[in-house]
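[1] Whatever this is, show me its structure:
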Amino acid sequence: MPVSELERLKQENAELRARLDESQKIPVWPVLREEIRQYCLGKDKSWPLQNAIYTVLRYNLNLPNINGINSTNIDQARETFEMLKKLIG
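    All right, here's what the predicted structure looks like:
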């Protein structure tokens, strides 16, 4: 492989990594967080319920902090929340 081809591939790789990093910064978590908050406000003991939902999400997504939810795991987080809503009623 010629050196110029290798350099081109390195540059392309760097650009793709930069785009991936940017896509993961899209603020998707605040939208779901607000949905969870609104859901919990309609229930008794909303604060403990919200904490319980966050705990399940953190455990299911293997996150140390709930704010680690990003564009790569938001779909799984939303799916988990929807399943929890069905269980809670």
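[2] and the longest helix for the chain?
    helix 3-23 (DSSP state H).
[3] Tell me the secondary structure at S71.
    coil (DSSP: H, G, I helix; E, B strand; the rest coil).
[4] Pull the contacting residues for Q50.
    36-37, 40 (C-beta atoms under 8 Å, 6 or more residues apart in numbering). (Each C-beta comes from the backbone N, C-alpha and C, glycine too.)
[5] and of these, the nearest to M83?
    Checking the contacts of Q50 against M83 with C-beta to C-beta, the nearest one is I36 at 13.1 Å.
[6] Show the pLDDT at the closest one.
    pLDDT, I36: 96.
[7] Among the contacts of Q50, which are located in helices?
    Counting by DSSP H, these contribute 36-37, 40 to helices.
[8] Report the buried members of the contacts of Q50.
    36, 40 (16 or more other C-beta atoms under 10 Å).
[9] Pipe the contacts of Q50 into JSON lines and attach distance to N70 per row.
    Formatted as JSON lines, the contacts of Q50 follow (distance: C-beta to C-beta, whole Å):
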{"residue": "I36", "distance to N70": "16"}
{"residue": "R37", "distance to N70": "19"}
{"residue": "C40", "distance to N70": "22"}
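[10] so which of the contacts of Q50 would you say is closest to R58?
    I36 (12.6 Å).
[11] Kindly provide the distance from that closest one to P27.
    15 Å (C-beta to C-beta, to the nearest Å).
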